Structures are given as C-alpha cells and as structure tokens.
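**Q** what shape does this take:
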Amino acid sequence: VTTHFDFRGEPNGSMSRLTFALFCPVLAALLWSFGRFVSPHLKDRFNLPRGVPEGVQHLLLLLPLGIVLGVHVMLLRYAQAPSARMIHSAVPVLLGVVCLVLSLVLPRVRENPFVGIRVPWLRGRPTLWARTHKVAGYTHFGAFLGCVACLFLPASAASILAVSCMLGGSFIPVVYSLWI
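**A** Residues are numbered from 1 along each chain as shown. All right, here's what the predicted structure looks like:
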C-alpha cells in the first residue's frame, strides 16, 4: 500500500497491508494513552505550572489523533482509487484543520512550558505572552483561510501553498513578539 508521496503527488514509499492497517490506529492509540494517562503524572511529578485550561488540553489531545486518523483515511482512499489530485486536496484540508484548532486554542493559553510560542523573550512576561498569542490566533485563522483557498488552486501548487500558509501563521507571531 502506498504511504508516502512527494510534492507532485507521486507515490515514493509503501508498506505491507498488515503494517499499514495497524500502524496509524496503533499510533493514534499510543498518542491518546500518553496524553491521557502519562502527561498528567509528569505535570504533578515535576511541579509544572498549569497554564493550559483543561478544555484546551482535551482539544490538544484530540488534534494529533485527528491528524493521524485523517492521514490514515487519506491513504485508504488513495489505495482504493489512486489520484494525485486527492492527495493535493487532502493536505490543505488537514493543515487547515490544524490551523483552525490553533487559532482557537492559542489566544486562551496562559504561559506554560508546553503549548504556545515559547521563545525566551516571552518568558515571565504575561502581558507580552497574551498579546503575542492573540496575534497568533489571528495569523493561524488567516492560515486556515489560505488553506481553504488552496483547494481552488491547481493541484501542483496546492500542497506547497498550504504548507507556506501554515508556516507563515507560525512565524509571523514570533516576529511580532520581537517587535512589541
């Protein structure tokens, strides 16, 4: 079963059917188990600050699961009917969902060592942290809109522009945090 593609949508990696059928669901289960059972104990053991609200933690726990299972569905669909256009459509959709979730989560996150734009000059400065993450919410929403627009572009450019939108949504707040 084809499992890896280059930027042109050409397959360049594969694995056996059994490995493919088990890999993504097992990876998703391991990620969920780590986030649900191990992560809370690490916070208590190392006395880490509680900067991420519980609802946001659950949303962030579901995000990697959604990505892994989304990739799994995309690859299953490709195995049934190979099409480079489908790959170029799925990448902007997955990245758009990630950007949308980040646009909702980042403005609500207080300073913490795990989630957010963690650059050294924002540590111990809650006002700057909040302003930077508010901007990050806007830039990631803009990146989401860019990913949606990529669905209407030619297949050869859609994936590259979607990745560019996501990177822009991530780097603009860092530059903004230097400026304020």
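
**Q** now do stretch 83-91, average pLDDT.
**A** Mean per-residue pLDDT for stretch 83-91: 79.

**Q** starting at the chain centroid, how far to it?
**A** On the basis of CA atoms, centre = their mean, to the nearest Å, stretch 83-91 sits 18 Å off its chain's mean C-alpha point.

**Q** ok, now stretch 160-167?
**A** 12 Å.

**Q** same check on stretch 92-103?
**A** Taking CA atoms, centre = their mean, the mean C-alpha location of stretch 92-103 is offset from the chain mean by 6 Å.

**Q** how about stretch 124-140?
**A** 18 Å.

**Q** which ones are touching A90?
**A** Residues counted as contacts of A90 (CB atoms under 8 Å, 6 or more residues apart in numbering) are G70, M74, R77. The way it works is simple: take the backbone N, C-alpha and C, and place the C-beta from them, glycine included.

**Q** max-length helix in this structure?
**A** helix 54-80 (DSSP state H).

**Q** past that one, which element shows up next along the chain?
**A** helix 84-105 (DSSP states H and E).

**Q** and C147, how far from L94?
**A** C147 is 9 Å from L94, where distance means CB to CB, to the nearest Å.

**Q** pass me the low-pLDDT residue ranges in this protein, would you?
**A** 40, 42-52 (pLDDT under 70).

**Q** quick check: closest non-adjacent residue to G66.
**A** Nearest non-adjacent residue to G66, counting by CB to CB, 6 or more residues apart in numbering: V97, 6.6 Å away.

**Q** check E10 too.
**A** Closest residue to E10 apart from its sequence neighbours, by CB to CB, 6+ apart: A84 at 7.0 Å.

**Q** so who does that neighbour touch?
**A** A84 touches F5, R8, G9, E10, A155, counting by CB under 8 Å, 6+ apart.
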